[in-house]
Every structure is written in C-alpha cells, then in structure tokens.
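In: I'll drop the sequence and a predicted model, then ask my questions.
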Amino acid sequence: MEDSNHTGGVNNPKVVSIIAYLALIGWIIAFLINRPRTELASFHLRQALGINLMWVVGGFFFVVPFLGWIAGALCYILALVLWIIGIVAAIEGEQKVVPVLGEKFQEWFQGL
C-alpha cells in the first residue's frame, strides 16, 4: 500500500527527510527541494541541522589537548547516536524528536 504523502519524486516529504541527514550537503539539498514546504520534511530539517551543528561544535573541542579531545569525542559519539535515531525516524516517516536536544532543535530552528 502506498503512503498517502507520496508525491512520486524527490520532493516526497519522506525522501527529503532522509536526504536532510546525509551530511551538510544533503541538508542543503533537502532544504532546497522542500517545496512546497511539508511538515515532515521541515521537522527533519530542523533535527538534522542541529545534529550537523553538533559535529561542527565537537570539532572545536579538539583544539584543546586532552580534556578537549575527550569532550570532542563525547560530542561526536552523541551526534552519531542522535543521527542514527533521526535517520531511522525519517526512514519510518515519523516526527520523533531525538533525545537530549531534539526539542531545542525544533525551537531554535522553527523558521525552517
């Protein structure tokens, strides 16, 4: 049985949601093809943007020897876990916030 949200192309909200999790370039592509804007795709764009920013922030920690390396590694591990949870939800077509920061991502990036 076909999903009722299926539009038959790359602008399918579920496809856009999955693309949003494919690194920063995937997020940019998903942002550009989310036309007309759909609730599902916009939700996952916000989640994926927050996770992508976690990767960037984690990289800054590595400038500080030892403690920074530990903090950076923990940030990367958390980002990886959140990425897996987020992309699984996108594949399933669910609007499921990622633990810890998901609600904040929805709040901070509500304009998307």
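Out: Done, it's in.

In: pLDDT weak spots in the chain?
Out: Scanning the chain with the threshold set as pLDDT under 70 gives 1-10.

In: Where do the helices of it begin and end?
Out: 13-20, 23-33, 39-61, 67-92, 102-108 (DSSP state H).

In: For the ones you listed, state which one has the densest average packing.
Out: Comparing the helices of the chain by mean neighbour count (mean count of other CB atoms under 10 Å), helix 13-20 ranks first with a mean of 24. Quick note: C-beta positions are derived from backbone N, CA and C, even for glycine.

In: can you tell me how far the residue most central in space within the chain sits from residue 64?
Out: With distances taken as CA atoms, centre = their mean, residue 48 lies nearest the centre of the chain, 1.2 Å away. Residue 48 sits 27 Å away from residue 64, taking CB to CB, to the nearest Å as the criterion.

In: Ok, residue 103 next?
Out: The value you get for residue 103 to residue 64, if CB to CB is used, is 29 Å.

In: now residue 21
Out: In terms of CB to CB, residue 21 sits 29 Å off from residue 64.

In: thinking residue 55 is in contact with residue 79, fair?
Out: Yes - the pair formed by residue 55 and residue 79 meets the contact definition of CB atoms under 8 Å, at 5.3 Å.

In: Now do the same contact list for the residue lying closest to residue 33 once chain neighbours are set aside.
Out: Spatially, and ignoring its direct neighbours in sequence, residue 33 is nearest to residue 11 (5.3 Å; CB to CB, 6 or more residues apart in numbering). Going by CB atoms under 8 Å, 6 or more residues apart in numbering, residue 11 touches 33-35.

In: residues touching residue 18, list them.
Out: Per CB under 8 Å, 6+ apart, neighbours of residue 18: 44, 87, 90-91.

In: now, the most widely separated pair of those?
Out: Spanning the widest gap among the contacts of residue 18 are 44 and 91, at 10.3 Å by CB to CB.
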